[in-house]
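Chemist: Fold the following, please.
(chains A and B)
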2 protein chains.
Amino acid sequence: MNSNMSTNSLLESLEKNAPRHLEELIQWLRIPSVSSDSTHKDDVIEAATWLADKFRGAGLAVEILPTEGHPMVLAETPPVDGAPVVVVYGHYDVQPVEPLDQWITGPFEPTVRQGNLYARGATDDKGQVLTHVQSVCDALAEGRPLPIQIKFLIEGEEEVGSENLERMLPDLAERMACDCVVISDSGQYSDGQPAITYGLRGIATYELKIDGPSQDLHSGSFGGAVMNPAIALSHVLSSIVDSNGRIQLPGYYDDVVELSDQERKAWQALPIDEAAFAKSIGVDELFGESGFTADERRWARPTFDVNGITAGHQGEGVKTIIPATASAKFSFRLVPNQDPKKVTASLETHLAQHMPPGVRYTLTPDHGAPGMLADTQSRFMAAANHAIEAAFGKKPVLIREGGSIPIVTRFQEVLQCDCLLLGWGLSDDNAHSPNEKFRIADYHRGIRASALLWDELGKLKSAP
Amino acid sequence: MNSNMSTNSLLESLEKNAPRHLEELIQWLRIPSVSSDSTHKDDVIEAATWLADKFRGAGLAVEILPTEGHPMVLAETPPVDGAPVVVVYGHYDVQPVEPLDQWITGPFEPTVRQGNLYARGATDDKGQVLTHVQSVCDALAEGRPLPIQIKFLIEGEEEVGSENLERMLPDLAERMACDCVVISDSGQYSDGQPAITYGLRGIATYELKIDGPSQDLHSGSFGGAVMNPAIALSHVLSSIVDSNGRIQLPGYYDDVVELSDQERKAWQALPIDEAAFAKSIGVDELFGESGFTADERRWARPTFDVNGITAGHQGEGVKTIIPATASAKFSFRLVPNQDPKKVTASLETHLAQHMPPGVRYTLTPDHGAPGMLADTQSRFMAAANHAIEAAFGKKPVLIREGGSIPIVTRFQEVLQCDCLLLGWGLSDDNAHSPNEKFRIADYHRGIRASALLWDELGKLKSAP
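Modeler: From the prediction side, this is the model:
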């Protein structure tokens, strides 16, 4: 049997099983595994058990590994001598569903409308995880041994920060030893244009609290005598970024790797309509650092955002006070090669230089993670490229993503492996929002791409 | 009987009545006349009735005048041909008492400790109002006709904005026709240093709302693509005042009347210890417009204060969003001759010039009132000066106050009269705070000063 015939029979088999694939996703989505809500603790365990049963039914070695929080599901296929080892990482927990009254159909009553399956977790991440689960389980169930070893690491705490996994990863390093981690928890570039994400931004988040007078003061009797903490906060926040969107911290751009001409050219060829994009998010015009396109700024330029400000009187009506305190939460998105610790040091220097007199302040760094850049020339990238092109009927574009997935960087550090971020979702899938959905066709394409990826990676058997 | 003998007998009589004066204040303070709390509606009426009864008992003509809210108490002594007419304005309503658990003794259980009487309303304003009530009622009760006509206008809605009085004042103008309004609702300069307040600042308050994207956006996926409304707000607020405390609105200082050398000299002679003042309000150093002392800045320079800011995530933990909106409440204190309407126009121009691109905004002016300056050379001022010096044993200093009392400006406009702001309180009397108090000695000195003031004003009988 030549490779083409094998591929054809594989695709036929997937086609035949498609109704069951959908039915099983619907079953799993019915389980309300909201990890942040302790009243759903049993549901979370039920979702883990459902997945473990699915693996067990196909003959994988399975363990439900307890953590201090929700358990992880570990499962693996037999080792294949000389072939690459892949870890599939994902999560079976889901976001809360509020505001419930905005859902057209219940978040845990999966419903098909116009080719989409609506439910909490449909795209983030049960639907995407299940594409890999199905491709592997189908192969084993049908007596087609996989050409590589695949290890699943599916956790139940991604939506609450993956703290237990981050902590336990070094202890799991030997068991999870692999050449590449595959993650499907992101999206295609646009409808009809699949993508491979090869870069993520890092992050550094802070809370700044500015203290002025020991209590709120009457702005008549005291206005003019003391520095107003809310004004001090405005001055300091506005000193961090100039009117051209350029961050003013000392040395902030020193470690920034400039975009290559090749990347800029490739991205500028992407089918983005900036006016339509602006309209879709409700603004009249886009804004950002001068000299870059919106995609360049979102994916590969460091940014500063104020996430929240709290100061003084916020209720109805007028209360003419000088507030005793003012505070802000803010974050920097970092590009690969920027170190969150250096950002903190630079921020501390900047605040010391720019804080107005007459107030005291406390800067509290919250969390930091460096950005990630995968090797676009790797054999894994090439394999994924072939698999996706075959499954989606279109060559994927290489993009980066502006968000941060700290666990990916941890995988690179601890497991010393490559990473493939293969997203099957769409930007209007409403992850984290009411009416989350997953296009059913993309679910099936994802399963095909996954199955083809294992095949492609099997061809690397004799590679170095 | 010469004037000195008459004054001596007056002071002796007040001395004799002092225990009753204190007992009556305690009675009045027991009535919880919280105007902002509808559950205290009957108590407010009881406090008005108590005052009306007090006036009636001394033989004044009295009316409890209904309003759409709480009633006013009007009372007057007989007219005196050729003598000045004085209106005493004050209020019998009090602030809410929360937080109740911070009161050492109940807010409506007046208690004497270390020479102070503790109760809600002790200084603001029942205690201070009663100084004038006692001096007038004592005179009438003892058969000593007053040398001038005195009209009382004591309202029950000062702590909720005096809206009904402001609206009804034109209709009351004939009835309240007078040469001078006397108000005791402020303070001495410091312990042991009485004062006459001859100026108040005006005010202009605003709410600014900045709208960005139609919903909160993920700061990873969108950071760098859009203007962050919280950053836009910081930029705009910080553009309003520079790091030297100088307001940057176009033409903002055009109408500001500069302090005279004489005023500056007089104030610089006041016994202020700026370091002690800073310590008392909990800051390491004072701050304000360069080139002025703290008193000059608080009393006679225009200022800008941010009263509150609301944007994005304000709860626990991190939420890395670009908030959809950000808003601030802020106020300017104006000096006499600045017009709140011109400030609004100038602010609108400034915002149009300084608002970053990519956001929309709405500016909502709330209320505005001009500042007030009384004639320091008037015969009323001279009379008050003598009366206070005699009662307190020390010449009063002439000061201004940074706060705004819009009703005072309305009195000047509608009644075309002079104003005397004679405060018997101290800055640590905790008006509007837990453990409000009034020094008993200052209550009695206030009664003496009031009695002597009527006498002094009587001497103006033949004046033009």
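
Chemist: where in chain A is pLDDT low?
Modeler: Counting by pLDDT under 70, chain A contains low-confidence residues at A:1-5, A:462-464.

Chemist: change it to 50
Modeler: Low-confidence segments of chain A, defined by pLDDT under 50: A:1-5, A:463-464.

Chemist: For the residue nearest the centre of it, which non-adjacent residue is closest in space?
Modeler: Nearest to the mean C-alpha position of chain A, counting by C-alpha atoms, centre = their mean, stands residue A:405 at 4.9 Å. With sequence-adjacent residues excluded and distances taken as C-beta to C-beta, 6 or more residues apart in numbering or on different chains, residue A:405 is closest to residue A:200, at 5.6 Å. From N, CA and C alone the C-beta is placed, and that goes for glycine too.

Chemist: Next, count neighbours for the one you found.
Modeler: As a burial measure, residue A:200 scores 30 neighbours (other C-beta atoms under 10 Å in any protein chain shown).

Chemist: Now it. Its backbone dihedrals?
Modeler: Backbone torsions of residue A:200, given as degrees, to the nearest 10, read phi -130, psi 150.

Chemist: Go ahead and confirm it touches residue A:411.
Modeler: No - using C-beta atoms under 8 Å, residue A:200 makes no contact with residue A:411, being 11.7 Å away.

Chemist: number of nearby residues for residue A:66?
Modeler: As a measure of burial, residue A:66 has 11 neighbours, counting by other C-beta under 10 Å.

Chemist: ditto for residue A:254
Modeler: Neighbour tally, residue A:254, other C-beta under 10 Å: 10.

Chemist: cool, and residue A:19?
Modeler: Residues lying near residue A:19 (other C-beta under 10 Å) number 9.

Chemist: so it, which of the three states?
Modeler: Using DSSP: H, G, I helix; E, B strand; the rest coil, the structure places residue A:19 in helix.

Chemist: distance of it from residue B:441?
Modeler: 93 Å (C-beta to C-beta, to the nearest Å).

Chemist: One more: residue A:343?
Modeler: Distance of residue A:343 to residue B:441, given as C-beta to C-beta: 60 Å.

Chemist: More neighbours: which of the two?
Modeler: residue A:343 (24 against 12).

Chemist: Now do the same contact list for the closest residue to that one other than its chain neighbours.
Modeler: Counting by C-beta to C-beta, 6+ apart, the nearest residue to residue A:343 once its immediate chain neighbours are dropped is residue A:204, at 4.7 Å. Residues in contact with residue A:204 (C-beta atoms under 8 Å, 6 or more residues apart in numbering or on different chains) are A:331-332, A:334, A:340, A:343-344, A:365, A:367-368.

Chemist: which SS class is the residue of chain A positioned farthest from its centre?
Modeler: In terms of distance from the mean C-alpha position of chain A, residue A:221 ranks first, at 50.8 Å (C-alpha atoms, centre = their mean). Three-state call for residue A:221 (three-state DSSP): helix.

Chemist: Just confirm it contacts residue B:400, I think it does.
Modeler: No - assessed by C-beta under 8 Å, residue A:221 is found out of contact with residue B:400, at 11.0 Å.

Chemist: contacts for stretch A:235-244?
Modeler: So stretch A:235-244 is contacted by A:208, A:210, A:247-249, A:289-290, A:304, A:306, A:309, A:328, A:330, A:347, A:350-351, A:354-356, B:230-231, B:234-235, B:237-239, B:243, B:356 (C-beta under 8 Å, 6+ apart).

Chemist: One more pass at 7 Å, please.
Modeler: For stretch A:235-244, contacts defined as C-beta atoms under 7 Å, 6 or more residues apart in numbering or on different chains pick out A:247-249, A:289-290, A:304, A:306, A:328, A:350-351, A:354-356, B:231, B:234-235, B:238, B:243, B:356.

Chemist: Kindly report the same for stretch A:342-351.
Modeler: With C-beta under 7 Å, 6+ apart, stretch A:342-351 has contacts from A:204, A:206, A:236, A:240, A:249-252, A:255, A:332, A:334, A:361, A:363, A:365.

Chemist: from the chain's centre, how far out does it sit?
Modeler: In this view, stretch A:342-351 has its centroid 27 Å away from the chain centroid, taken as C-alpha atoms, centre = their mean, to the nearest Å.

Chemist: can I get the CA coordinates of that stretch in CSV?
Modeler: What follows is stretch A:342-351 as a C-alpha-only set of coordinates in CSV (Å, rounded to 0.1, in the frame of the first residue of the first chain):
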residue,chain,number,x,y,z
LYS,A,342,14.3,43.9,33.0
VAL,A,343,11.0,45.6,32.2
THR,A,344,10.3,45.8,35.9
ALA,A,345,13.7,47.3,36.7
SER,A,346,13.2,49.9,33.9
LEU,A,347,9.7,50.7,35.1
GLU,A,348,11.0,51.2,38.6
THR,A,349,13.6,53.7,37.3
HIS,A,350,11.0,55.5,35.2
LEU,A,351,8.6,55.8,38.1
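
Chemist: Return the residues of the stretch 251-400 of chain A in contact with chain B.
Modeler: A:281-289, A:294, A:297-298, A:301, A:303, A:305-314, A:318-323, A:326, A:329, A:331, A:333, A:356-358, A:366-367 (C-beta under 7 Å from any C-beta of the partner chain).

Chemist: Out of those residues, which sit inside helices?
Modeler: Judged by DSSP state H, these include A:294, A:297-298 as members of helices.

Chemist: Tabulate the CA atom coordinates of stretch A:30-39 in CSV.
Modeler: This file holds the C-alpha atoms of stretch A:30-39, laid out as CSV (Å, rounded to 0.1, in the frame of the first residue of the first chain):
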residue,chain,number,x,y,z
ARG,A,30,-22.8,18.9,27.9
ILE,A,31,-20.6,18.6,31.0
PRO,A,32,-20.3,22.1,32.6
SER,A,33,-16.6,21.9,33.5
VAL,A,34,-16.2,25.5,34.7
SER,A,35,-12.9,25.4,36.6
SER,A,36,-13.2,28.7,38.4
ASP,A,37,-16.5,27.8,40.1
SER,A,38,-16.2,25.4,43.0
THR,A,39,-19.9,24.4,42.6
